[in-house]
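Trainee: I would like to see how this sequence folds:
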Amino acid sequence: MRISSPPWAVANTTGAGSEVSELLRLPTVYGEVRSRLLDEMPGRVTFRPARVVVERDVVAFPMHFLVSRSRREVLPQTAPYWGNVDGLEIEPPPGKLGREAMEAAFVVDCRYHQFGHILLEAVPRLALLSHVPDDVPIVTSLPLSPTLLTLASALGVKPERFRHSGGAVFCAKAYLPDPVVDLSNWIQPVAREAFDRLRVLGTGSGVTRVERLYLSRSGQTRRRLVNEDEIEALFERYGFSIVRPEEHDIETQAALVSGARMIAGLGGSAMHGAVFASPGTPVLIVSSRGWVAHVDVFISQANGPLGYVFGEPQTEQGGIRAPWWVEPLEVERAIRSHFCL
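Mentor: Have a look, this model is predicted:
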């Protein structure tokens with residue numbers, strides 16, 4: 001089979017192409033509390049356009065850990081967060097990991113299997129699948145959940161193309177897509193095009209659309225906002241419908257977000273759902289100053305203006321898991337200013 005190769009698709013690990021530099025539209029911060037994590041963000045991002053790299057004799061471990069057996073090295077397409085891999089064993093210990101051999105595989109995975117990581121890191125790479133032979137299966141350790149398969153279907157990927165593996169997969173030939181979303185550094189155009197295509201999922205839901213949408217974290221225990229009830233009641237007074245995304249299927253989530261003209265919520269994976277938002281939709285994030293997901297700033301480049309209101313951690317350590325509190329008056333001022341209410 002002959003495959004046409006766009007400029008970003010190559011057959012080896014060299015020739016990554018010229019760097020692309022883009023200006024960022026930085027968010028507005030309301031109130032007196034600021035976050036160093038946001039203040040230190042650059043106003044420009046730089047990346048190399050994504051490729052599909054072909055490697056021979058690859059071991060694909062669960063959670064996107066990719067190794068070249070012949071060179072005995074970790075491949076650069078491996079998911080971040082793995083840390084030092086000195087002393088790596090190419091051959092998995094007997095009984096510890098499953099063994100499977102494949103002639104060819106397109107490997108799509110991510111280090112963490114929470115919804116936000118799957119939506120942002122794994123699913124957009126499927127947009128590069130059209131540049132490999134159509135008989136090559138997709139290998140992943142991600143659970144083949146209805147949500148994942150629905151997202152993949154919106155990108156034209158049939159469920160039967162997936163091969164789930166809970167252990168090491170030995171690939172004679174591996175097609176390895178570069179990241180198209182780096183949570184700390186950029187979102188590439190190919191990922192934005194994928195998110196645009198995912199927005200159509202909302203047409204499959206009969207849910208009543210709302211103009212003002214608040215995405216709640218009240219069902220979560222980590223990084224708890226101690227006065228969340230008060231903040232939700234405040235948004236309700238301004239006409240926002242309170243929604244827990246985890247209580248709805250992905251079609252309903254896409255319908256609610258894409259249909260809203262104003263979106264707000266607490267910082268976390270629920271706000272990553274703004275990838276479904278219609279162009280021009282303003283977004284307001286209420287968050288602890290100890291936790292900022294830079295990817296929300298990158299997502300906002302395709303939407304309307306992004307705003308933040310920060311609260312204070314309630315423990316001395318003040319880490320990303322710390323409970324926190326936010327001043328309601330500052331949130332109310334932000335609502336009125338950011339949404340022109």
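Trainee: contacts for whichever helix or strand residue 169 is part of, please.
Mentor: Under the assignment given by DSSP states H and E, the secondary-structure element containing residue 169 is strand 168-177. By C-beta atoms under 8 Å, 6 or more residues apart in numbering, the residues outside strand 168-177 that reach it are 50-62, 66, 69, 75, 77, 92, 97-108, 125, 128-129, 132, 136, 139. C-beta coordinates here come from the backbone N, C-alpha and C atoms, glycine included.
Trainee: report the buried members of those.
Mentor: 50-55, 58-62, 66, 75, 77, 97, 100, 102, 104-108, 125, 128-129, 132, 136, 139 (16 or more other C-beta atoms under 10 Å).
Trainee: tell me, how many residues neighbour residue 270?
Mentor: 23 (other C-beta atoms under 10 Å).
Trainee: what's the distance between the residue nearest to it when sequence neighbours are not counted and residue 18?
Mentor: Closest residue in space to residue 270, ignoring its immediate chain neighbours: residue 215 at 4.1 Å, by C-beta to C-beta, 6 or more residues apart in numbering. Distance of residue 215 to residue 18, given as C-beta to C-beta, to the nearest Å: 38 Å.
Trainee: those two - which one has more neighbours?
Mentor: The residue with more neighbours, out of residue 215 and residue 18 and counting by other C-beta under 10 Å, is residue 215; that gives 26 against 8.
Trainee: the more buried one pairs with what?
Mentor: Listed beta-bridge partners, residue 215: residue 243, residue 265 (assigned using DSSP bridges).
Trainee: is it true that it touches residue 247?
Mentor: No - Residue 215 is not in contact with residue 247 according to C-beta atoms under 8 Å; the separation is 11.3 Å.
Trainee: and residue 292, its phi and psi?
Mentor: phi -130, psi 130 (degrees, to the nearest 10).
Trainee: no wait, residue 104
Mentor: Torsion angles, degrees, to the nearest 10, at residue 104: phi -150, psi 150.
Trainee: measure the spatially closest residue to it that is not a sequence neighbour to residue 53 for me?
Mentor: Leaving aside its chain neighbours, residue 104 sits nearest to residue 173 (4.4 Å; criterion: C-beta to C-beta, 6+ apart). For residue 173, the distance to residue 53 (C-beta to C-beta) stands at 11 Å.
Trainee: so for residue 79, what's the pLDDT?
Mentor: Reading off the confidence values, residue 79 has pLDDT 72.
Trainee: that one and residue 122 touch, don't they?
Mentor: No - under the criterion of C-beta under 8 Å, residue 79 lies out of contact with residue 122, with a separation of 9.4 Å.
Trainee: joint contacts of these two?
Mentor: Here residue 79 and residue 122 share the contacting residues 109-110, scored by C-beta under 8 Å, 6+ apart.
Trainee: who has more neighbours, these two?
Mentor: Legend: neighbour count by other C-beta under 10 Å for residue 79 and residue 122, higher for residue 122 (22 against 17).
Trainee: who touches that one in this structure?
Mentor: With contact taken as C-beta under 8 Å, 6+ apart, residue 122 is in contact with 108-110, 140, 142, 148.
Trainee: next one, pLDDT for it please.
Mentor: What the model reports as pLDDT for residue 122 is 96.
Trainee: over to the one 10 residues further on?
Mentor: The predicted local distance difference test score for residue 132 is 95.
Trainee: burial count for the closest residue in space to it that isn't next to it in sequence?
Mentor: Once its chain neighbours are removed from consideration, residue 132 has its nearest residue in residue 175; the separation is 4.6 Å (C-beta to C-beta, 6+ apart). When neighbours are counted by other C-beta under 10 Å, residue 175 registers 25.
Trainee: so what does the helix-or-strand element of the chain with minimal mean pLDDT touch, helix or strand wise?
Mentor: Among the helices and strands of the chain, strand 73-74 carries the lowest confidence by mean pLDDT, DSSP states H and E, at a mean of 83. Under the contact definition 3 or more C-beta pairs under 8 Å, 6 or more residues apart in numbering; DSSP states H and E, strand 73-74 sits against strand 65-68.
Trainee: okay, now the sheet partners of the strand it packs on, with direction.
Mentor: Taking DSSP bridges as the criterion, strand 65-68 pairs within the sheet with strand 52-61 (antiparallel), strand 73-74 (antiparallel).
Trainee: and the longest one, how far out from the chain's middle?
Mentor: Relative to its parent chain, strand 52-61 has a centroid offset of 23 Å by C-alpha atoms, centre = their mean, to the nearest Å.
Trainee: just the C-alphas of that strand, formatted as CSV.
Mentor: This file holds the C-alpha atoms of strand 52-61, laid out as CSV (Å, rounded to 0.1, in the frame of the first residue of the first chain):
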residue,chain,number,x,y,z
VAL,A,52,4.4,9.7,12.7
VAL,A,53,7.7,8.0,13.3
VAL,A,54,8.3,4.4,12.2
GLU,A,55,10.5,2.3,14.5
ARG,A,56,11.6,-1.3,14.2
ASP,A,57,11.7,-3.8,17.1
VAL,A,58,9.8,-1.8,19.7
VAL,A,59,8.5,-2.9,23.0
ALA,A,60,5.3,-1.0,24.0
PHE,A,61,4.7,-1.2,27.7
